[in-house]
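A.B. asks: Provide a 3D model corresponding to the input given below.
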Amino acid sequence: MAVVIKKEMESFEQFVRRFRRESDKEGRAAKARRRANGFEKPSEARKREKAAAVKRHHKKLGRENKQMREFHDNR
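C.D. replies: Residues are numbered from 1 along each chain as shown. Below you'll find the predicted structure:
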């Protein structure tokens, strides 16, 4: 469950936006929608899996670029 504590000078809109972001990271809403439908078409499953793979790839590239920048900055 996403736990978000309201910051001191944070507006309600910012708080709700941050809460939604945290709950999206957990993926509970997406899982619930998938279960509610009961069946996922094979094309939708492939599309979802490919999007997840692309996201992982971009995350990996970002980590590698960060390491390279840190390496060159410390030289």
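
A.B. asks: Mind listing what's buried along the longest helix anywhere in the chain?
C.D. replies: The single longest helix within the chain, with elements called by DSSP state H, is helix 42-73. For helix 42-73, a neighbour-count test (16 or more other CB atoms under 10 Å) marks nothing as buried. Backbone N, C-alpha and C define where each C-beta goes, glycine included.

A.B. asks: For the one residue sitting closest to the centre of the chain, which non-adjacent residue is spatially closest?
C.D. replies: With distances taken as CA atoms, centre = their mean, the residue of the chain nearest its centroid is Lys25 (4.3 Å). Spatial nearest neighbour of Lys25, excluding adjacent residues (CB to CB, 6 or more residues apart in numbering): Ala2 at 7.6 Å.

A.B. asks: Show me what the least confident helix or strand in the chain by mean pLDDT is packed up against.
C.D. replies: In the chain, the helix or strand scored least confidently by mean pLDDT, DSSP states H and E is helix 28-37, which has a mean of 80. For helix 28-37, there is no helix or strand it packs on, judged by 3 or more CB pairs under 8 Å, 6 or more residues apart in numbering; DSSP states H and E.

A.B. asks: Mind exporting the C-alpha coordinates of it to CSV?
C.D. replies: Extracted C-alpha coordinates of helix 28-37, given in CSV (Å, rounded to 0.1, in the frame of the first residue of the first chain):
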residue,chain,number,x,y,z
ARG,A,28,-2.0,-2.3,-7.9
ALA,A,29,-4.5,-0.4,-10.0
ALA,A,30,-3.2,-2.0,-13.2
LYS,A,31,-3.3,-5.5,-11.7
ALA,A,32,-6.9,-4.9,-10.5
ARG,A,33,-7.9,-3.7,-14.0
ARG,A,34,-6.3,-6.8,-15.5
ARG,A,35,-8.1,-9.1,-13.0
ALA,A,36,-11.4,-7.3,-13.5
ASN,A,37,-11.4,-8.0,-17.2
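
A.B. asks: average pLDDT across the longest helix of the chain?
C.D. replies: Helix 42-73 shows a mean pLDDT of 92.

A.B. asks: Pull the distance from that helix to the chain's centre.
C.D. replies: How far helix 42-73 lies from its chain's middle: 12 Å, per CA atoms, centre = their mean, to the nearest Å.
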